[in-house]
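Participant: just to be clear, the model below is a prediction. Sequence and coordinates:
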Amino acid sequence: MFFIDDVSIVEGDNGTPVATFTVTLSPASNQTASVDFTTADGTATAAGNDYQPVRGTLTFSPGETKKTVEVNVNAILWSNLMRPSWSI
């Protein structure tokens with residue numbers, strides 16, 4: 001089975017924040033295993049320039065259990081995500 005961990009977002013060297021998704025294969029396989037992926041709109045949209053869409057295939061070699069997928073995130077969306085919201 002494939003699992004996706006919580007996303008981590010780090011600002012890149014060029015100022016473009018990158019969302020990194022870690023995909024885990026569990027249990028490890030003794031054969032090559034592949035999974036196709038694509039980004040999908042939710043509250044963030046590609047058309048709204050919230051992120052740059054990506055798609056591809058992750059291929060796990062025998063015994064390999066972790067791969068990552070990186071998605072560039074719009075800096076304005078990132079700053080909105082980082083703005084704390086307070087209620088009193």
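Facilitator: Structure's in. What do you need?

Participant: list the strands paired with the longest strand along the chain, with their directions.
Facilitator: If you go by DSSP state E, the chain has its longest strand at strand 17-25. Each strand paired with strand 17-25, and its direction, by DSSP bridges: strand 2-4 (antiparallel), strand 8-11 (antiparallel), strand 66-72 (antiparallel).

Participant: among the ones you listed, which one carries the weakest average confidence?
Facilitator: Between these, the lowest average pLDDT goes to strand 8-11, which shows a mean of 70.

Participant: please look at L58 and T65 and confirm they touch.
Facilitator: No: L58 is beyond contact range of T65, at 11.5 Å (criterion: CB atoms under 8 Å). Glycine gets a C-beta too; all of them are placed from N, C-alpha and C.

Participant: neighbour count for those two, which is higher?
Facilitator: For L58 versus T65, neighbours defined as other CB atoms under 10 Å are more numerous around L58 (17 against 13).

Participant: name the SS class of A44, please.
Facilitator: Following DSSP: H, G, I helix; E, B strand; the rest coil, the label given to A44 is coil.

Participant: how about it, nearest residue that isn't a chain neighbour?
Facilitator: Among residues not flanking A44 along the chain, D50 sits closest, at 3.7 Å (CB to CB, 6 or more residues apart in numbering).

Participant: returning to what we had before: which of the strands paired with strand 17-25 sits most buried?
Facilitator: strand 66-72 (a mean of 15; mean count of other CB atoms under 10 Å).

Participant: so D6 sits in a strand?
Facilitator: No: read with three-state DSSP, D6 is coil and lies in no strand.

Participant: and it, how many neighbours?
Facilitator: Counted with other CB under 10 Å, residues neighbouring D6 total 6.

Participant: ok, the most centrally placed residue in the chain to S61 distance?
Facilitator: For the chain, the residue nearest the mean C-alpha position is F21 (3.3 Å; CA atoms, centre = their mean). The gap separating F21 from S61 is 19 Å, by CB to CB, to the nearest Å.

Participant: ditto for D6
Facilitator: Taking CB to CB, one finds D6 at 25 Å from S61.

Participant: also S8?
Facilitator: S8 sits 24 Å away from S61, going by CB to CB.

Participant: swap in A33?
Facilitator: Noted for A33: a distance of 9 Å to S61, by CB to CB.
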